[in-house]
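> sequence plus predicted model, see below.
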Amino acid sequence: MSSAATARPARPVYPFVAIVGQEEMRRTLILTAIDPAIGGVMIMGHRGTGKSTAVRALAEVMPPLIAVEGCPFHCAPGTTVGLCEYCTNEGSARTVEMQVPVVDLPLGATEDRVAGTLDIEQALAHGRRRFEPGVLARANRGFLYIDEVNLLEDHLIDLLLDVAASGVNTVEREGISVRHPAHFSLIGSGNPEEGELRPQLLDRFGLGATIETEREPALRVEIIRRRLAFDADPSGFVAHWAADTATLRNRIGAAQRYLPEVVVPEPALSTIAALTSTLALDGHRGDLTLARAARAHAAFEHRPTVTIEDLRSVAPLALRHRLRTDPFTLDTPSDTVETTFDRIVPG
């Protein structure tokens, strides 16, 4: 019997659009899906609040990718920049449509499993470079998800951040090297009770979402009802939400296409600079992230120009995880950003 005949069908994933509440988390993921240049998302919250469910469901609401057939890194066709060796030297003229990859990085993963491995014996004996792609290769043009990122080893975090910033993964051993494209949005989640993240690491995530357990009884009832319905009939539950999933997928696709046309006017740039300056943020990563997130928000709402309301909606998501901690204030980081915004832009 063939392996295809014995393979089990993949279990349906809980639909993104069926998640109850957690508006902030869903918004950050949608904005990052519209513009990967935002720089990924850090989601902090209690266990069992839907963090992993939301991330793994993201692929279903993303427009499909068009990739070069046979490429292990699913490079984009029709481009001459940032291609892998296969596409540069042998590339196929044929293309395939595929789902945007959402790849989990296990906490116990080794550096070889993350970056990929080179077979040195093959290279020395036969003069051929044999490369076994790793997690970074599978995540190219998609999302790399790290649950409990605050427990990940520092050297792996440094590797991931370097590759995410450059878009290229380089593996070197014994003077032999392989490079391949690795453009991905990094999504991390964690529980603040298990340790804080380094400020330098937090700053490298574009947006930050803070989620809490829903306290409203009616919402808790709806969470239970939907989850039980999904467990009882996963395929039927997914089919029930298929129309809403398609609507969101089409809206994200439209926003991606519209994004280059959205303008950030001078008054919006001045507001961004005044806000980040007043908050005494270090560096300029927060300014750029806020501008990009506001553009993505405007594109999602199909507005040609970023407005003050776009900035107001995304400012806490883009800035609060970059604030210096003040032990003498009772204000939350969100309160600080919102209060400062209202002082700069009254009304």
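That came in fine, so what should we check first?
> spell out the residue ranges of the helices in the stretch 151-300 of the chain.
154-166, 199-204, 217-232, 234-240, 242-258, 266-278, 285-300 (DSSP state H, counting those that start in this stretch).
> give the other helices and strands that the first one contacts.
The helices and strands touching helix 154-166, judged by 3 or more CB pairs under 8 Å, 6 or more residues apart in numbering; DSSP states H and E, are helix 111-115, strand 142-147, strand 184-190, helix 199-204. In this view, the C-beta of every residue, glycine as well, is placed from N, C-alpha and C.
> what of the longest one?
Packing partners of helix 242-258 (3+ CB pairs under 8 Å, 6+ apart): helix 23-34, helix 285-300.
> between the ones you listed, which one is closest to residue 306.
Nearest of the helices and strands packed on helix 242-258 to residue 306, taken as CB to CB: helix 285-300 at 4.6 Å.
> out of the helices of the stretch 151-300 of the chain, which is the most enclosed?
Among these, helix 285-300 has the highest mean neighbour count (mean count of other CB atoms under 10 Å), at a mean of 24.
> what does that helix contact?
30-32, 34-35, 37-39, 203-204, 206-207, 251-252, 255-256, 258-259, 262, 264, 268-269, 272-273, 275-276, 281, 304-307, 310-311, 313-315, 317-319, 322 (CB atoms under 8 Å, 6 or more residues apart in numbering).
> how about 6 Å then?
31, 34-35, 37-38, 206, 255, 258-259, 262, 264, 272, 276, 306, 310-311, 313-314, 318-319, 322 (CB atoms under 6 Å, 6 or more residues apart in numbering).
> got it, and stretch 253-270?
By CB under 6 Å, 6+ apart, the residues outside stretch 253-270 that reach it are 34-35, 63, 291, 295, 298-300, 305-306.
> related to what we said a few turns ago, distance to residue 110 for the helices of the stretch 151-300 of the chain - can I get that in TSV?
As requested, those are arranged in TSV below (distance: least, CB to CB, whole Å):
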stretch	distance to residue 110
helix 154-166	9
helix 199-204	20
helix 217-232	34
helix 234-240	33
helix 242-258	34
helix 266-278	39
helix 285-300	30
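> so for residue 96, which of these sits nearest?
Closest among the helices of the stretch 151-300 of the chain, once you apply CB to CB, is helix 242-258, at 18.2 Å.
> average pLDDT for that closest one, rounded please.
Averaged over helix 242-258, pLDDT sits at 96.
> just the CA trace of that helix, in PDB.
Output of helix 242-258 as PDB, limited to C-alpha atoms (Å, rounded to 0.1, in the frame of the first residue of the first chain):
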ATOM      1  CA  ALA A 242     -15.900  29.100   5.800                       C
ATOM      2  CA  ALA A 243     -17.700  32.100   4.500                       C
ATOM      3  CA  ASP A 244     -16.300  34.400   7.200                       C
ATOM      4  CA  THR A 245     -12.900  33.000   6.700                       C
ATOM      5  CA  ALA A 246     -13.000  33.700   3.000                       C
ATOM      6  CA  THR A 247     -14.300  37.200   3.600                       C
ATOM      7  CA  LEU A 248     -11.300  38.000   5.900                       C
ATOM      8  CA  ARG A 249      -8.900  36.300   3.500                       C
ATOM      9  CA  ASN A 250     -10.100  38.500   0.600                       C
ATOM     10  CA  ARG A 251     -10.000  41.600   2.800                       C
ATOM     11  CA  ILE A 252      -6.400  40.900   3.800                       C
ATOM     12  CA  GLY A 253      -5.500  40.300   0.200                       C
ATOM     13  CA  ALA A 254      -7.100  43.500  -0.900                       C
ATOM     14  CA  ALA A 255      -5.200  45.400   1.900                       C
ATOM     15  CA  GLN A 256      -1.900  43.900   0.700                       C
ATOM     16  CA  ARG A 257      -2.500  45.100  -2.800                       C
ATOM     17  CA  TYR A 258      -3.700  48.500  -1.700                       C
END
